[in-house]
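Participant: fold the following for me, if possible:
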Amino acid sequence: HANGQSVHAHTLVWFEALPTWMRSAPDKETVMTDHIRAVAGHFAGRVAEWDVVNEPINEDNTDGLEHNLWYQAMGRDYIAKAFATARQADPHAVLYLNEYGAEQDGGRWDALYKLVKDLRAHGVPIDGVGLQNHEYEKGDRTPPETFRTHVRALAALGLKVRVSEMDVVSGGDNTMQAKEFAGKLAVCRDEPNCTTFGMWGFTDRYGSTADAGNYPVRVGDALPWDQDLKPKKAYSSMAAELR
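Facilitator: As a prediction, this is how the structure comes out:
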């Protein structure tokens, strides 16, 4: 706040990284809603955006949803309840659903689109969707025009879009990595409802694919600055898109 920076906060409801007491609590709806009120309410007016629900999609289930502990306790309504509670706790924050793999065509995208369309139709206060855009293998790479189609489809529902966690494992091919970053950034730059381009870290030294479980730490290979904090081709390619 001293530097006039906005805060995007991640995340209020997920099904991993939970304490044992939360997993074993008999009334999970109260646990979930109390948590949202406590955290989002504490930061009300100071956080610009929230990832309210993180990674609710599982395309292998017939309803397209991950049958996590919140789902098991409340059914699919846990998603709507989470967004409604977050809106009550901070009426002015922009509320996002965050998901991986949905920037590609296929089952994950189909399930995500169906979910958010239904949420909008029922008046759930969802403002946007975060598309993570993790590219760890060749099959994870999405043509920019496919990504653009998805951004526009969400715009038609009245939703904002943010690239929320982008990283691209280069495997030594920095040219490919640069092309992937620049291609998605160009789409986000051009589409009015794409509000943010976020990466899952900035330097390979400490980034998303670094392994801190080893000593010395094994550096990563997926971000625009190398282990010495020097810009890679990905940095210059993105800078060129913004000129």
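Participant: beyond the worst-scoring helix or strand of the chain on mean pLDDT, next helix or strand please.
Facilitator: The weakest-scoring helix or strand in the chain, judged by mean pLDDT, DSSP states H and E, is helix 20-24 (a mean of 94). Next along the chain after helix 20-24, taking DSSP states H and E as the criterion, comes helix 28-42.
Participant: now that following helix: how far from the chain's centre is it?
Facilitator: Distance, stretch centre to chain centre, for helix 28-42: 20 Å (CA atoms, centre = their mean, to the nearest Å).
Participant: buried residues in it, which are they?
Facilitator: Within helix 28-42, the residues that count as buried by 16 or more other CB atoms under 10 Å are 28, 31-33, 36-37, 39-40. C-betas here are computed from N, CA, C, even on glycine.
Participant: now stretch 177-192
Facilitator: Buried-residue list, stretch 177-192, by 16+ other CB under 10 Å: 177-188, 191.
Participant: now, among those residues, which is nearest to Lys138?
Facilitator: Glu180 (10.7 Å; CB to CB).
Participant: residue contacts, the closest one?
Facilitator: 135, 141, 168, 234 (CB atoms under 8 Å, 6 or more residues apart in numbering).
Participant: at 7 Å instead, please
Facilitator: Glu180 makes contact with 135, 141, 168, according to CB atoms under 7 Å, 6 or more residues apart in numbering.
Participant: and it, which helix or strand is it part of?
Facilitator: Going by DSSP H and E, Glu180 is part of helix 174-190.
Participant: off-centre distance for that helix?
Facilitator: Relative to the chain's own centre, helix 174-190 is displaced by 17 Å; criterion: CA atoms, centre = their mean.
Participant: and the helix or strand that that helix is followed by, C-alpha only, in CSV?
Facilitator: Per DSSP H and E, helix 174-190 leads on to strand 194-199 as the next helix or strand towards the C-terminus. Provided in CSV are the C-alpha atoms of strand 194-199 (Å, rounded to 0.1, in the frame of the first residue of the first chain):
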residue,chain,number,x,y,z
CYS,A,194,-8.0,-9.9,-19.9
THR,A,195,-6.9,-7.8,-16.9
THR,A,196,-3.7,-9.5,-15.6
PHE,A,197,-0.8,-11.4,-16.9
GLY,A,198,0.8,-13.2,-14.0
MET,A,199,3.7,-15.7,-13.7
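Participant: pLDDT averaged over strand 194-199 - what is it?
Facilitator: In this model, strand 194-199 carries a mean pLDDT of 96.
Participant: need the contact partners of the lengthiest strand in the chain.
Facilitator: Ranked by residue count under DSSP state E, the longest strand found in the chain is strand 160-168. The contact list for strand 160-168, computed with CB under 7 Å, 6+ apart, reads 94, 96, 98, 127-135, 151, 154, 177, 180-181, 184, 188, 193-201, 207-209, 222-223.
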